[in-house]
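>>> Sequence first, then the predicted structure:
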2 protein chains.
Amino acid sequence: MPTAGKRATIVEVARLAGVSHQTVSRYLRFEGGLKPDTMERVETAIRQLDYRPNLVARSMRTRRTGRLAIVIPAMAFSPARMLAGASAAAAESGYMIEVVSVGGIQERTERLLELADSGQVEGILSLAPVLPSSERRAAEGVAVVVSTDFDDSMRSIGELADGAPVAELMTRLAEWGHRRFYHVAGAPEFASARGRRQTYADTIERLGLDNVGVFDGDWSGESGVEAIRRLSPDNLPTAVIAANDVVAAGVIRGASERGLDVPGDLSVTGWDNQTIGQFIQPSLTTVDIDLEGLGRRGMCRLVAAVRGEAAPSWAAAMTSVIWRESTAAP
Amino acid sequence: MPTAGKRATIVEVARLAGVSHQTVSRYLRFEGGLKPDTMERVETAIRQLDYRPNLVARSMRTRRTGRLAIVIPAMAFSPARMLAGASAAAAESGYMIEVVSVGGIQERTERLLELADSGQVEGILSLAPVLPSSERRAAEGVAVVVSTDFDDSMRSIGELADGAPVAELMTRLAEWGHRRFYHVAGAPEFASARGRRQTYADTIERLGLDNVGVFDGDWSGESGVEAIRRLSPDNLPTAVIAANDVVAAGVIRGASERGLDVPGDLSVTGWDNQTIGQFIQPSLTTVDIDLEGLGRRGMCRLVAAVRGEAAPSWAAAMTSVIWRESTAAP
DNA sequence: ATCAGGGTAGTGAACGATCACTTTCTTGTC
DNA sequence: GACAAGAAAGTGATCGTTCACTACCCTGAT
């Protein structure tokens, strides 16, 4: 039985099977062209010694590590689910994942470059914005895919930056009779926040609605409360598009501070479809994002890049609006 | 200047510096005992060639990979923040982190064993429960630390399993005059859920309170709603200890379905201090957990285990109760 | 001048796999 | 039976480090 202390090597397997180490290597890499008889002998030897290839040695020779890295932002909540998707996709493609979580964009970019240089990974998927300078390195053999945002040179557009659901929300609300809109934006360094803000402005224009204003928020609940406090009483909106669910909750709280009923006086929409939003009162109209799917997409893009294949394309939408109690006709 | 195509090796550095490769190796490993003159020559050569040690080759020889793995549950929300803490701690100790995210406990355990066997990592930190059978492998050279839960043989007690704040919540509520308590528990495979439940029962006993019942929930908001629906009208509690914030939100919704006011008729407490809980109405009394700190602790335990040092111990509490609007005197 | 002994540096062999060749075995055809 | 050609298996080098020795160099005491 397997000696617990030390792993068997390919040579020992070969000796036991009465073949050369190269034959075992061939067997391991499914090269085919082995006689059934030999194959079986190797197989038994492997099982008998509980042999597993030493991946370090293998990757030393092949110069491929079979490992990718994911860079996630330190605080946002989305990454957990995106990570899950990305991680699963990587595993399916036979890669291991390394996760690096870093706070500031500056630090993050540095860490990313360091990682790219280390030769430890074949590709890097960043779920958080990085400085455009990092692209320089992409040529040097390590693929880099930045997923959540588009980098400032507009090379690739991240799916999260898609503000389209804002238009969907506003269109429906306008159909219900809403005319006076207000937007509480997220932190502007996020392309997703910029995208939503842009779509908001475009939709106001396109549908000929009244823009009560855009509040420069920072994704926080406080910014939602504050946004409502700031409103002058003679210029109140009937609908608020909040940057995310937490902000929306802040908006609702701010509204009740001022004696405004949601959705009676004010319709409020969030973004992210946080679990809890379904249970609070009023339950939150929100935009559901397929975060696992996004993570998976990003990872598939990366794997394709690493393997030099064409980037896959998807048709399916990754977002859908969920209508709940926080929105109604004005 | 560095040829972008290929990394320089230690031998090339040695040639350029006019020394042997071994001398360069010594320099790299801070062995000391080099003449200042030699040292400088090596240094310049390294800089000139933009040399970096090939970590794969190194770990092949040393048989140490400098890498740890973290296993996280597929869905829970806590891991993101715990991961951040753990990841930072690992980086500080000079380790890289591999993340594996798996759903079921069965699959997770399998994946963990596979990982332990692969020789790719020196240690594994699991932030999710695994089957006790995985312990078998710990002896084989790969350290395994399970953090969120304690394993069923009670070897190590995870910090999240600490139900003490339940006692704190109940004691205060009792001081305010609450007598009739109700508990909506989390999924029983989590030691944290079992811990809270146990502490609930103990505290009922200790303070001589009325236990209206314990509802077998599953961490979901629905289970909170359902828990309240199930209550018979002539046996209503005045305080509900919910397993987490989402459950608490469900409980509040269920209460309002039955015309019960929170906190007027019913005090409700959550757990996790989700950001949004501060803004919903009523804002949620909850237990704040230092998840980053927990992740960090787990990782430090793992690093200590890998290095064969004694496990570090901490004194500081990792949880604190935050009192908000959802609780009041009955 | 010799020798001991510490401080420096060099040499060649691992580590465990794959790669590029070479060799041996089969098979089919004339 | 001889031969060619393809299939199957073997041989030795190689990837870039570190490890375990060995060799050299200097200094100071005998």
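Right, received. Where do you want to start?
>>> What is the least confident helix or strand in chain A?
helix A:135-138 (a mean of 54; mean pLDDT, DSSP states H and E).
>>> Show me what secondary structure element comes after that helix.
Scanning forward in sequence from helix A:135-138, with DSSP states H and E defining helices and strands, the next element found is strand A:143-146.
>>> I'd like the distance between the residue in the stretch 101-250 of chain A that DNA strand D sits nearest to and residue B:237.
Using Cβ to the nearest atom of the strand, the point where the stretch 101-250 of chain A gets nearest to DNA strand D is residue A:119, with a distance of 8.9 Å. For every residue, glycine as well, the C-beta is placed using N, CA and C. When Cβ to Cβ, to the nearest Å is the yardstick, residue A:119 and residue B:237 sit 61 Å from each other.
>>> Of those two, which one has the most company?
Using other Cβ atoms under 10 Å in any protein chain shown as the criterion, residue A:119 and residue B:237 rank with residue B:237 on top: 23 against 18.
>>> Doesn't that one belong to a strand?
No - assigned with DSSP: H, G, I helix; E, B strand; the rest coil, residue B:237 falls outside any strand and is coil.
>>> how about the nearest residue to it, chain neighbours excluded?
Spatial nearest neighbour of residue B:237, excluding adjacent residues (Cβ to Cβ, 6 or more residues apart in numbering or on different chains): residue B:182 at 3.7 Å.
>>> where does the one you found land in three-state SS?
Under three-state DSSP, the three-state class of residue B:182 is strand.
>>> list the contacts for it?
The contact partners of residue B:182, taken as Cβ atoms under 8 Å, 6 or more residues apart in numbering or on different chains, are B:211, B:212, B:213, B:214, B:215, B:227, B:231, B:237, B:239, B:240, B:241.
>>> quick one: strands adjacent to the helix or strand hosting the fifth one?
Think residue B:215. Using DSSP H and E, residue B:215 sits within strand B:210-216. Sheet pairing for strand B:210-216, assigned by DSSP bridges, gives strand B:180-185 (parallel).
>>> I'd like the average pLDDT over the strand it pairs with.
Per-residue confidence for strand B:180-185 averages out to 98 on the pLDDT scale.
>>> Go ahead and name everything in contact with stretch A:36-46.
For stretch A:36-46, with Cβ under 8 Å, 6+ apart as the criterion, the contacting residues are A:13, A:14, A:16, A:17, A:18, A:19, A:23, A:24, A:27, A:34, A:51.
>>> Which residues of chain A lie near DNA strand C?
By the rule Cβ under 7 Å from any atom of the strand, the part of chain A lying against DNA strand C is A:7, A:9-11, A:21-22, A:25, A:28-29, A:52-54, A:57-58, A:60-62.
>>> Please list only the buried members of the residues you listed.
By neighbour count, with 16 or more other Cβ atoms under 10 Å in any protein chain shown, those hold A:7, A:9, A:10, A:25, A:28, A:53, A:54, A:57, A:58, A:60 as buried.
>>> Pull up the gap between the closest residue to the fourth one other than its chain neighbours and chain B, please.
Distance criterion Cβ to Cβ, 6+ apart; nearest residue to residue A:25, sequence neighbours excluded, is residue A:10 at 6.2 Å. Relative to chain B, residue A:10 is positioned 14 Å away (criterion: Cβ to the nearest Cβ, to the nearest Å).
>>> which parts of stretch A:207-215 are buried?
Within stretch A:207-215, the residues that qualify as buried by neighbour count (16+ other Cβ under 10 Å) are A:209, A:212, A:214, A:215.
>>> residue ranges for the strands of the stretch 201-330 of chain A, please.
Counting by DSSP state E, counting those that start in this stretch, the stretch 201-330 of chain A has strands at residues A:210-216, A:239-242, A:267-269, A:286-289, A:319-322.
>>> Out of those strands, which one sits most buried?
strand A:239-242 (a mean of 30; mean count of other Cβ atoms under 10 Å in any protein chain shown).
>>> Look at residue A:70 and give its secondary structure.
strand.
>>> Tell me how many other residues surround it.
29.
>>> And for residue A:230?
Neighbour count of residue A:230, defined by other Cβ under 10 Å: 11.
>>> Quick check: the gap between residue A:193 and DNA strand C.
Residue A:193 sits 46 Å away from DNA strand C, taking Cβ to the nearest atom of the strand, to the nearest Å as the criterion.
>>> is it fair to say that residue lies in a helix?
Yes - Residue A:193: assigned to a helix according to three-state DSSP.
>>> Would you double-check that residue A:99 falls in a strand?
Yes - the secondary structure assignment for residue A:99 places it in a strand, going by three-state DSSP.
>>> so what's it bridging to?
According to DSSP bridges, the partner residues bridging residue A:99 are residue A:70.
>>> Residue A:183 versus that one, what's the distance?
Taking Cβ to Cβ as the measure, residue A:99 falls 34 Å from residue A:183.
>>> which parts of the stretch 151-300 of chain A sit against chain B?
On the criterion Cβ under 8 Å from any Cβ of the partner chain, chain B has as its neighbours in the stretch 151-300 of chain A the residues A:220-221, A:224-225, A:245-246, A:249-250, A:252-253, A:256, A:274-281, A:283.
>>> how about 6 Å then?
For the stretch 151-300 of chain A, the residues in contact with chain B under the definition Cβ under 6 Å from any Cβ of the partner chain are A:221, A:246, A:249, A:250, A:253, A:275, A:276, A:279, A:280.
>>> could the buried residues of stretch A:207-215 be laid out in JSON lines, adding distance to DNA strand D and pLDDT?
Listed next are the buried residues of stretch A:207-215 as JSON lines, based on distance: Cβ to the nearest atom of the strand, whole Å; pLDDT from 0 to 100:
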{"residue": "A:209", "distance to DNA strand D": "62", "pLDDT": "97"}
{"residue": "A:212", "distance to DNA strand D": "62", "pLDDT": "97"}
{"residue": "A:214", "distance to DNA strand D": "54", "pLDDT": "98"}
{"residue": "A:215", "distance to DNA strand D": "54", "pLDDT": "98"}
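>>> Grab the nearest non-local neighbour of residue A:224.
Nearest one to residue A:224, counting by Cβ to Cβ, 6+ apart, is residue A:250 at 2.4 Å.
>>> Quick check: that neighbour touching residue A:225?
Yes - with contact defined as Cβ atoms under 6 Å, residue A:250 counts as touching residue A:225 (4.4 Å).
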